[in-house]
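Q: coords please:
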Amino acid sequence: MGIITGRTRGGDEWIPQFVSFLDPKKCIGCGRCYKVCPRNVLDLVERSEQLLAEADDDADDDDEMMVMTIANAGDCIGCGACGRVCPKDCYTYEAAGG
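A: Below is the predicted model:
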């Protein structure tokens, strides 16, 4: 399967970039990404030791902080709005089928 491509209204080729990772160590739980996501891909959760361990980093002392997590990755449409509003650059993306 090839890379998924689309067209902008002006006719330019566009390759959607789907969210593949959200770094819980960088996330401050501001909710900006949650508000702009048109597909309910994200969820606000309590930062935990397990979540931090999944990020392949050392545990943090601030375990009670709320952070975003990818709850429904399959619903992502690749618009990239979450990353554009994120003040901490928490998001990693990849093209589907590539």
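
Q: could you point out which element follows the helix or strand bottoming out on mean pLDDT in the chain?
A: Per-element confidence for the chain was summarised using mean pLDDT, DSSP states H and E. The lowest value among helices and strands belongs to helix 49-54, with a mean of 70. From helix 49-54 onward toward the C-terminus, using DSSP states H and E, the following helix or strand is strand 66-70.

Q: note down every partner strand of that next one and its orientation.
A: Partner strands and pairing direction for strand 66-70 (DSSP bridges) are strand 42-46 (antiparallel).

Q: tell me where the protein has strands.
A: All strands of the chain, identified by DSSP state E, fall at 6-7, 13-14, 18-22, 42-46, 66-70, 91-94.

Q: mind checking which of those strands is nearest residue 83?
A: Proximity of those to residue 83 was assessed by CB to CB; the nearest stretch is strand 91-94, lying at 3.9 Å. For glycine as for every other residue, the C-beta is placed from the backbone atoms N, C-alpha and C.

Q: what lines up beside the closest one in the sheet?
A: Using DSSP bridges, strand 91-94 pairs in its sheet with strand 18-22 (antiparallel).

Q: compile the strands of the chain into JSON lines and extend it with columns for mean pLDDT, mean neighbour count and distance to residue 78.
A: What follows is these, written out as JSON lines (pLDDT from 0 to 100; neighbours: other CB atoms under 10 Å; distance: least, CB to CB, whole Å):
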{"stretch": "strand 6-7", "mean pLDDT": "90", "mean neighbour count": "10", "distance to residue 78": "9"}
{"stretch": "strand 13-14", "mean pLDDT": "92", "mean neighbour count": "11", "distance to residue 78": "9"}
{"stretch": "strand 18-22", "mean pLDDT": "96", "mean neighbour count": "18", "distance to residue 78": "5"}
{"stretch": "strand 42-46", "mean pLDDT": "93", "mean neighbour count": "15", "distance to residue 78": "14"}
{"stretch": "strand 66-70", "mean pLDDT": "94", "mean neighbour count": "19", "distance to residue 78": "13"}
{"stretch": "strand 91-94", "mean pLDDT": "96", "mean neighbour count": "15", "distance to residue 78": "8"}
